[in-house]
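J.: just to be clear, the model below is a prediction. Sequence and coordinates:
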Amino acid sequence: MPGGRLTHHERQEIAEGLREGLTYTDIAGRLDRPISTVTREVARNGGPAAYRADAAHRATTGRARRRKQPAAPTTSPTVSDVHGRDPEAVLELEEQFTEMMIGTGLPRMTARVLTCLYVTDGGSLTATELAQRLQVSPASVSKAVGELEQQELIRRERDTGRRRDRYVIDADAWFRGWMASARQNTMLADFALRGAQVLGTATPAGTRMQDIGHFFEHVGRTMVKAAEEWRQADATRRSTPG
């Protein structure tokens, strides 16, 4: 399996594969490269929709040139240094996590903020810290955290000592998000069933609306049941020594 940096030709192959709608696995197979190499390359250079071979090659060349320059001294070790983590492996994890979250329907910036909170050991950051880490504007962070709060994937805490908000990710984040989604499904079910009555349940449109209502009604109940079962299992796991 070839190693080293991707060539310009390989980047053109990646771009062509994305245009054809191929998966990362298919593209990696064409190049005889690890899937992680393709995933990282695309994530670093705009994502599947915006990836351009020429721009990606120029950007990579620029990054390589900057890395050769002497690094400015730091006043404190990074988290990766403290825990002995491989910075490249952490970066790859962040990029893959972000792409997965985008695949679930989150906007890119919202996915980046969520990923940043998850891979931060403290599990909480201020808007200013998020903007600095992601190298984006505070306005971009504000919009992203608003979307995450709405979905209950993060929560806000007031840092009273410094009079600013911190955005927190915790063990219950996905539980809250899942339950918020379940409530949304219940609302859709109620709306669709009411709509079926308005349209007439014996009409084609009414029957269609009724089917939608029954679907979301079933899904909502199943989601709530699954979440409750998980919470019980998680409580048992945490209380069991070992």
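T.: That came through fine. Since the structure is predicted, the reported quantities are computational estimates derived from the model, not experimental observations. Residues are numbered from 1 along each chain as shown.
J.: so how many other residues sit close to Ala28?
T.: For Ala28, the neighbour count with other Cβ atoms under 10 Å is 20. For every residue, glycine as well, the C-beta is placed using N, CA and C.
J.: meant to ask about Asp159, not that
T.: Counted by other Cβ under 10 Å, the residues lying close to Asp159 total 11.
J.: bridged to it, which residues?
T.: Arg164 (DSSP bridges).
J.: what sits against it?
T.: Shown in contact with Asp159 (Cβ atoms under 8 Å, 6 or more residues apart in numbering): 126, 165-166.
J.: redo those residues as JSON lines? Include neighbour count, distance to Thr186 and pLDDT.
T.: Formatted as JSON lines, the contacts of Asp159 follow (neighbours: other Cβ atoms under 10 Å; distance: Cβ to Cβ, whole Å; pLDDT from 0 to 100):
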{"residue": "Thr126", "neighbour count": "15", "distance to Thr186": "34", "pLDDT": "91"}
{"residue": "Asp165", "neighbour count": "14", "distance to Thr186": "30", "pLDDT": "87"}
{"residue": "Arg166", "neighbour count": "18", "distance to Thr186": "31", "pLDDT": "89"}
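J.: out of these, which is nearest to Ala226?
T.: Among the contacts of Asp159, Arg166 lies closest to Ala226 (Cβ to Cβ), at 30.3 Å.
J.: mind pulling up the pLDDT for the most far-flung residue of the chain relative to its centre?
T.: Here the chain reaches farthest from its C-alpha mean at Ala202, the gap being 42.7 Å by Cα atoms, centre = their mean. pLDDT for Ala202: 94.
J.: helix, strand or coil for it?
T.: Assigned with DSSP: H, G, I helix; E, B strand; the rest coil, Ala202 falls in the coil class.
J.: skip ahead from the least confident helix or strand in the chain by mean pLDDT and say which helix or strand is next.
T.: Least confident element among the helices and strands of the chain, by mean pLDDT, DSSP states H and E: helix 79-83 (a mean of 53). Using DSSP states H and E, the helix or strand that directly follows helix 79-83 along the chain is helix 87-103.
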